[in-house]
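Participant: Predicted structure and sequence below. I'll ask about it afterward.
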Amino acid sequence: MKKIGFIGAGNMAGTILDAILKAGVFLPEEAALCEINPRIIEKYKAAGVSVAPDYKSLCAECEWILLGVKPQVLGKIAPQIAEALCGHNIVISIAAGWTAARLRKSFGDETKLLRVMPNMPAMAGEGMTVLSKDNNLGPEELALAVRMFERVGKVMLLDEKHMDTVTALTGSGPATVFMLIDALAEAAVLRGIPKNEAVVMATQMVKGSAAALEVSGEPPMTMKDRVCSPGGTTIEGVYALEQDGFAATVIRSVLVTAEKSEKMSK
């Protein structure tokens, strides 16, 4: 029996599949997928991953099933997947807005279910993946799930009640960072630096700042104060950001995104 099957292997699911194969968590011959995109099918067939003709075949031959389709697509195909599930399946969902309760309602209380929220930086091995504590996996099964997602970055377990906020903070947060990098680069362009070079500098600055924060173990505001010399240039820029409501705007962005996730889950 193959160990893991992917229903959908697009951007995020494909990143996860690539990582676990590269790390040897599963071998290519221990993996299968059910996918409609010819390009994706050919990619994984060439890598030694088998392609199942339908959900029933996939669920019959795989213990682990990862639901890698978009939330709205999952809503359409969930009944078909539910009919295909066998008693041995362990189902992982990475669909935003699909709560643990909704998964149980769709796939049955008897099915082993785990809700997971990964994020885009997983593609660089620097993801932040959060697993819901509201799951019915056994200790060894949960440990293997953690091991899978550790291949694409850091892993954390949190209560289900926090998952909408997780979706907003780590799932949608990269978009905020990309906007920040672009805005910083645009400012440099206004001062005469070419855009390509400005993007490289801004990207490395953000990457390095995050790394420095992690290494220091200090609170973010403490590290900010270290950069701000009395009467210096940095504090002028920080003051301008505070005048324009920088922190409040970012906080509001996370809050409205979390509210959207809550609406989706209903």
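Facilitator: Nice, thanks for sending it over.
Participant: Output the longest helix belonging to the chain.
Facilitator: helix 195-216 (DSSP state H).
Participant: Now do it: which elements does it pack against?
Facilitator: helix 173-190, helix 220-227 (3 or more CB pairs under 8 Å, 6 or more residues apart in numbering; DSSP states H and E). Where you see a C-beta, it was placed from the backbone N, CA and C, and this is true even at glycine.
Participant: so where do the strands sit in the stretch 51-200 of the chain?
Facilitator: 62-67, 90-93, 112-117, 127-132, 153-158 (DSSP state E, counting those that start in this stretch).
Participant: Next one: the closest residue to Asn135 other than its chain neighbours from Val177, what distance?
Facilitator: Distance criterion CB to CB, 6 or more residues apart in numbering; nearest residue to Asn135, sequence neighbours excluded, is Leu114 at 4.4 Å. Relative to Val177, Leu114 is positioned 27 Å away (CB to CB, to the nearest Å).
Participant: Which one of these two is surrounded by more residues?
Facilitator: Leu114 (23 against 15; other CB atoms under 10 Å).
Participant: Would you indicate which residues of stretch 115-132 are buried?
Facilitator: Using 16 or more other CB atoms under 10 Å as the burial criterion, the residues of stretch 115-132 that qualify are 115-123, 127-132.
Participant: I meant to write stretch 144-156 there.
Facilitator: For stretch 144-156, using 16+ other CB under 10 Å, the buried residues are 144-145, 148-153, 155.
Participant: cool, stretch 160-179 as well?
Facilitator: 162-173, 176.
Participant: Just to be careful, could you list which of the residues you listed are in helices?
Facilitator: Filtering the buried residues of stretch 160-179 for helices - DSSP H - leaves 163-166, 173, 176.
Participant: nearest to Ala198, of these?
Facilitator: Thr176 (18.7 Å; CB to CB).
Participant: So that closest one versus Ala60, what's the distance?
Facilitator: 42 Å.
Participant: Please report the number of neighbouring residues for the residue nearest to Val73 when sequence neighbours are not counted.
Facilitator: Nearest residue to Val73, sequence neighbours excluded (CB to CB, 6+ apart): Gly8, at 7.5 Å. For Gly8, the count of nearby residues is 24 (other CB under 10 Å).
Participant: what do you get for Asn89?
Facilitator: 20.
Participant: dump the residue contacts of it.
Facilitator: Asn89 makes contact with 59, 62-65, 111-112, according to CB atoms under 8 Å, 6 or more residues apart in numbering.
Participant: same deal with Thr15?
Facilitator: 118, 122-123, 152.
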